[in-house]
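> please find the sequence and the predicted model below.
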Amino acid sequence: MTTSSVGLGMACLLLISCMVVPSLAKVYTVGDSSGWTTGVDYSTWASGKTFKVGDSLVFNYPTSHTVDEVSSSDYSSCTVGNAITTDNSGATTVALKKAGTHYFICGVVGHCGNGMKLAVKVESGSAPTPAPAPSKSKSKSSSKSPSSSSASSPTSSDTTSTTTPSTTTTTTKAPDSSSWSLSPFVAVVTTWVALFLMVVS
């Protein structure tokens, strides 16, 4: 084995490691195929799921609804108007960046009372924190304004983020709102190819 083949093999293994790690974070579509709407029991949806730091929640909904992160007391009483973050784009992705319970409601009066509320307990875990998307941050006051505009990124999708100490809300308007993750099959095949190249060289 030559020094260059060992170096090539190590580079391949490093590349594979970097590609596999992001796939550890999970992306949960809130309400699955029902999405974020009235009449869904989100407590039942969340039960049995283990949310970890680095995971993401994807809310899909008509723009007649909102996704508001709120305090525990506002969640319990369905109080609207005091959101920590809010979005009404129809496709909201919330990166879970801090352990603890996070509370979400629809900010339209009456919708929280009709079931549009979700509490998720986020555990510290091995899921990595996803890289932040290029975006324009909105302050709490501008995030409540329905007329606030989205920032344009160099890609074909529009992205807007609102950051608080506990979460980052990223809204992506694109055909597919799920995040990228590497297939375990591709990772295994790539690993074997790298090992084969190391042995053959």
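Sure thing, it's come through.
> what comes up buried for the helix or strand harbouring Ser76?
In this assignment (DSSP states H and E), Ser76 forms part of helix 72-77. Going by neighbour count (16 or more other C-beta atoms under 10 Å), the buried part of helix 72-77 is Asp74, Tyr75. C-betas here are computed from N, CA, C, even on glycine.
> check which helices and strands the helix or strand following that helix sits against.
Heading C-terminal from helix 72-77, the first helix or strand you meet, by DSSP H and E, is strand 85-87. Where contact means 3 or more C-beta pairs under 8 Å, 6 or more residues apart in numbering; DSSP states H and E, strand 85-87 is packed against strand 67-70, helix 140-143, strand 158-163, strand 167-173.
> comparing these, which yields the minimum mean pLDDT?
Mean pLDDT values for these show the minimum at helix 140-143, a mean of 38.
> tally up the residues packed near Thr63, please.
If you count neighbours by other C-beta atoms under 10 Å, Thr63 ends up with 11.
> try Asp41
By other C-beta under 10 Å, 11 other residues sit near Asp41.
> so that it lines up with my notes, have the first residue be 181 from now on.
Understood, numbering begins at 181; the last thing we discussed is Asp221.
> tell me the secondary structure of the nearest residue to it once chain neighbours are set aside, please.
Closest residue to Asp221 apart from its sequence neighbours, by C-beta to C-beta, 6 or more residues apart in numbering: Gly295 at 6.5 Å. Taken by DSSP: H, G, I helix; E, B strand; the rest coil, the conformation at Gly295 corresponds to coil.
> list the contacts for Gly295?
By C-beta atoms under 8 Å, 6 or more residues apart in numbering, the residues touching Gly295 are Thr218, Gly219, Val220, Asp221, Tyr222.
> out of these, which are buried?
Buried among the contacts of Gly295 (16+ other C-beta under 10 Å): Val220, Tyr222.
> could you dump the contacts of Gly295 to a markdown table with secondary structure?
Shown next, in a markdown table, are those (three-state DSSP):
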| residue | secondary structure |
| --- | --- |
| Thr218 | coil |
| Gly219 | coil |
| Val220 | coil |
| Asp221 | coil |
| Tyr222 | helix |
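> and which of the contacts of Gly295 is nearest Leu276?
Lowest distance from Leu276 to the contacts of Gly295 (C-beta to C-beta) belongs to Tyr222, with 15.4 Å.
> what pLDDT does that closest one get?
At Tyr222, the predicted lDDT confidence score is 97.
> how about Gly305?
Reading off the model, Gly305 has pLDDT 71.
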